[in-house]
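Trainee: sequence-free structure coming up:
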DNA sequence: GCCTTGACCATTC
DNA sequence: AGAATGGCCAAGG
């Protein structure tokens, strides 16, 4: 983990942390904004995590945002993808069943950074 | 420089 | 048990 030295780096650090956690999510698993927020200390609020994901769209590094869903397992961010079905297809391509815009057995496929990375 | 919105979650009524 | 509201931080208008 890098220590924020410059104010500009501080902001980037926030995105970088979120992106890093998302990148650590193995294929076939999904995580939630709240889990990431809680992993970062739950002080930022889950909203910031989702907002950081929006920034991930502009990030140079590839971020598997399709593995990040809301607490209900609903693909809330699918509308922000290149295509509204890109997220679902990406999940299905990894072996994650998606139906009715929500992950099947989401609770089982849920990947908690706090529990896994500990 | 103040106000609104935002890929959300948890608590309370 | 379902619905409404507040909270969190940041950026854009």
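Mentor: Looks like it arrived, so ask away. Computed from a predicted structure; not experimentally measured.

Trainee: From DNA strand C, how far off is residue A:53?
Mentor: 13 Å (Cβ to the nearest atom of the strand, to the nearest Å). (C-beta placed from N, C-alpha, C; glycine too.)

Trainee: shouldn't that residue be in contact with residue A:77?
Mentor: Yes: in terms of Cβ atoms under 8 Å, residue A:53 counts as a neighbour of residue A:77; the distance is 6.5 Å.

Trainee: Now the common contact residues for those two.
Mentor: A:65, A:68 (Cβ atoms under 8 Å, 6 or more residues apart in numbering).

Trainee: In chain A, which residue sits nearest DNA strand B?
Mentor: In chain A, the residue that lies nearest DNA strand B is residue A:77 (1.6 Å; Cβ to the nearest atom of the strand).

Trainee: okay, now residue A:56: neighbour count?
Mentor: Here the count is done by other Cβ atoms under 10 Å, and residue A:56 has 21 residues near it.

Trainee: Residue A:36 touches residue A:68, doesn't it?
Mentor: Yes: contact status for residue A:36 versus residue A:68: in contact at 7.4 Å, counting by Cβ under 8 Å.

Trainee: Return every residue with contacts to both of those two.
Mentor: Going by Cβ under 8 Å, 6+ apart, residues that sit against residue A:36 and also against residue A:68 are residue A:22.

Trainee: Name the residues that touch stretch A:94-111?
Mentor: For stretch A:94-111, the external contacting residues (Cβ under 8 Å, 6+ apart) are A:25-32, A:35, A:67, A:69, A:72-75, A:78, A:88, A:91-92.

Trainee: If any of the residues you listed are buried, put those into a ChimeraX selection.
Mentor: The ChimeraX command for the buried members of those (criterion: 16 or more other Cβ atoms under 10 Å) is given here:
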select /A:25,29,30,31,32,35,67,69,73,75,78,88,91
